[in-house]
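In: okay, structure incoming, though there's no sequence with it:
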Ligand code: FES
């Protein structure tokens, strides 16, 4: 099955130092618990060129800024429920 959605988390050094590694873990767990792993192509990317707004994430070409381990769940729920 082709993934229907794409999530990209910025793993560039600025976003990484602001915690994108933990956000990545939270997203992975979320996708697993909600059986979304086949539907979503989830991957990292290097600097997205908007470090000052980070940590940054994209879902299907929508940009999200200032993402953290808490608010990422709400963002995912909005998109996937
Ligand atoms: S490191 Fe994430 S936008 Fe630059």
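Out: Okay, I see it. Predicted, not measured: the structure shown is a model, and the values here were computed from it.
In: quick check: closest non-adjacent residue to the residue of the chain found nearest the ligand.
Out: In the chain, the residue that lies nearest the ligand is residue 12 (2.6 Å; C-beta to the nearest ligand atom). (Each C-beta comes from the backbone N, C-alpha and C, glycine too.) Using C-beta to C-beta, 6 or more residues apart in numbering and skipping residues adjacent in sequence, the residue nearest residue 12 is residue 47, 3.1 Å away.
In: what comes up buried for the longest helix along the chain?
Out: In the chain, assigned by DSSP state H, the helix with the most residues is helix 21-33. Neighbour-count burial for helix 21-33, counted by 16 or more other C-beta atoms under 10 Å, picks out 23, 24, 26, 27, 30, 31.
In: what's next to that helix, contact-wise?
Out: If you take C-beta atoms under 8 Å, 6 or more residues apart in numbering as the criterion, helix 21-33 is touched by 7, 9, 11, 36-37, 40, 42, 44, 55, 57, 67-69, 72-73, 76.
In: restricted to buried residues, select those residues in ChimeraX.
Out: Paste this into ChimeraX to select the buried members of the contacts of helix 21-33, with burial taken from 16+ other C-beta under 10 Å:
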select :7,9,11,36,40,42,55,57,67,72,76
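In: which stretches of the protein form helices?
Out: Assigned by DSSP H, the chain shows helices spanning 13-15, 21-33, 71-80.
In: give me the below-cutoff pLDDT ranges for the protein.
Out: 1 (pLDDT under 70).
In: show me which residues of it are close to the ligand?
Out: 10, 12, 13, 14, 15, 47, 48, 49, 50, 51, 54, 56 (C-beta under 6 Å from any ligand atom).
In: pretty sure the third one contacts residue 54?
Out: What that stands for is residue 13. No: between residue 13 and residue 54 there is no contact under C-beta atoms under 8 Å: 10.1 Å.
In: what bridges to residue 6?
Out: Counting by DSSP bridges, residue 6 is bridged to residue 41.
In: tell me the contacts of it?
Out: By C-beta under 8 Å, 6+ apart, the residues touching residue 6 are 40, 41, 42, 43, 58, 59, 60.
In: which of the residues you listed are buried?
Out: In the contacts of residue 6, the ones that pass as buried (16+ other C-beta under 10 Å) are 40, 42, 59.
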